[in-house]
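[1] I'll drop the sequence and a predicted model, then ask my questions.
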Amino acid sequence: MTRPSKSLSLAFYSTPRYACSYLSGREAVTLFADPSIRKTPSLYATLSAYGFRRSGEHLYRPRCPHCSACIPVRVPVAEFCMSRAQRRTWIRNADVTVSEIAARFEPEHFRLYGRYLRQRHAGGGMDNPTVESYMDFLTSTWSDTRFLELRVHGNLVAVAVMDRLPEALSAVYTFFDPDADARSLGRYAVLCQIARAREADLRWVYLGYWIRDCRKMRYKDEYQPLEYYLDGHWTRQCGH
């Protein structure tokens, strides 16, 4: 792949092919930035501009030889405008208290995470998490990771995990009360992150990968305008 900048020398490593977790019957390959290098939020920001994401300590992006379905997307914060459905979600959650804390283990968070996985992702390989696997997935030793706590009358209903970059927020993962469907907490968590980015005068919120043929990844195109990383540059037109 093209190096992120002329001044940065960085090796990348590809995994062997494995079964894709998003599209049935397809094989996937993941490209990782050299695990041995010293990572920083600045490097993370540079690689995010090339479609990379963070999972635990690692920076990665899909590099599947016969598939380009995973498209990195981001919201240009200054231009974002809520849709009617999003505004209804915002109003519906007017009683939610949102607070930002540093990334750390909290038993209350972990219990909600376990409930969410057992009900929303049963059989997906993540539905019996350990404390170690939970923290290894969501946090790292080098990223500026924050947890957004969403509470109703003091009761935890959602946690949105996000990374702070020099010019952006990167949405890492959100888990929420699976019995509170009427609140659309996943949508509300994204709206909260966009609002936080706007308050901090940041330029983007990175939402990860949009996949047209995967229902659980396709929702991201409801946040408009949306920028797609295609053919080496960011565009607002997605022809896939």
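    In hand now; what should we look at? Quick caveat: nothing in here was measured; it's all calculated off a predicted structure.
[2] any weak-confidence spans in the protein?
    Filtered on pLDDT under 70, the chain yields the residue ranges 1-8, 123-127, 239-240.
[3] How far away from the center of its chain is stretch 172-190?
    13 Å (C-alpha atoms, centre = their mean, to the nearest Å).
[4] residues making contact with that stretch?
    54, 85-86, 89-90, 92-93, 96, 112-113, 115-117, 119-120, 137-138, 145, 148, 150, 156-163, 171, 205, 207, 219, 222-223 (C-beta atoms under 8 Å, 6 or more residues apart in numbering). C-beta coordinates here come from the backbone N, C-alpha and C atoms, glycine included.
[5] again, 7 Å this time
    Residues from elsewhere that reach stretch 172-190 (C-beta atoms under 7 Å, 6 or more residues apart in numbering): 54, 86, 89-90, 92-93, 112-113, 115-116, 119-120, 138, 148, 150, 157-163, 171, 223.
[6] For residue 136, the count of nearby residues, please.
    Using other C-beta atoms under 10 Å, residue 136 has 14 other residues around it.
[7] wait, I meant residue 23
    Neighbour tally, residue 23, other C-beta under 10 Å: 18.
[8] shouldn't it be in contact with residue 213?
    Yes. When contacts are counted by C-beta atoms under 7 Å, residue 23 is listed as touching residue 213 (6.1 Å).
[9] Need the overlap of contacts for the two.
    residue 69.
[10] ranges for the helices of this structure?
    Ranges of helices within the chain are 41-48, 84-92, 107-120, 131-138, 185-199, 215-218, based on DSSP state H.
[11] Reformat those helices as a markdown table; add distance to residue 29.
    Shown next, in a markdown table, are the helices of the chain (distance: least, C-beta to C-beta, whole Å):
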| stretch | distance to residue 29 |
| --- | --- |
| helix 41-48 | 17 |
| helix 84-92 | 35 |
| helix 107-120 | 26 |
| helix 131-138 | 20 |
| helix 185-199 | 28 |
| helix 215-218 | 18 |
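[12] which one of those lies closest to residue 58?
    Proximity to residue 58, assessed across the helices of the chain by C-beta to C-beta, is greatest for helix 131-138 (10.0 Å).
[13] that older thread, now, of the contacts of stretch 172-190, which are buried?
    54, 86, 89-90, 93, 112-113, 116, 138, 148, 150, 157-163, 171, 223 (16 or more other C-beta atoms under 10 Å).
[14] The helices of the chain: which one's closest to residue 228?
    Nearest of the helices of the chain (C-beta to C-beta): helix 215-218, 12.8 Å.
[15] Contacts for that closest one, please.
    Contacts of helix 215-218 (C-beta under 7 Å, 6+ apart): 22, 209-212.
[16] again, 10 Å this time
    22-23, 69-71, 73, 120-121, 186, 207-212 (C-beta atoms under 10 Å, 6 or more residues apart in numbering).
[17] Among the residues you listed, which one has the most neighbours?
    residue 207 (24 neighbours).
[18] can you pull out the strands in this structure?
    Here the chain has its strands, by DSSP state E, at 12-14, 18-19, 27-28, 30-33, 53-55, 58-62, 71-76, 96-102, 145-152, 155-164, 168-176, 204-210, 227-230, 233-235.
[19] do you know which of those lies nearest residue 108?
    Of all the strands of the chain, strand 155-164 comes closest under C-beta to C-beta, at 5.5 Å.
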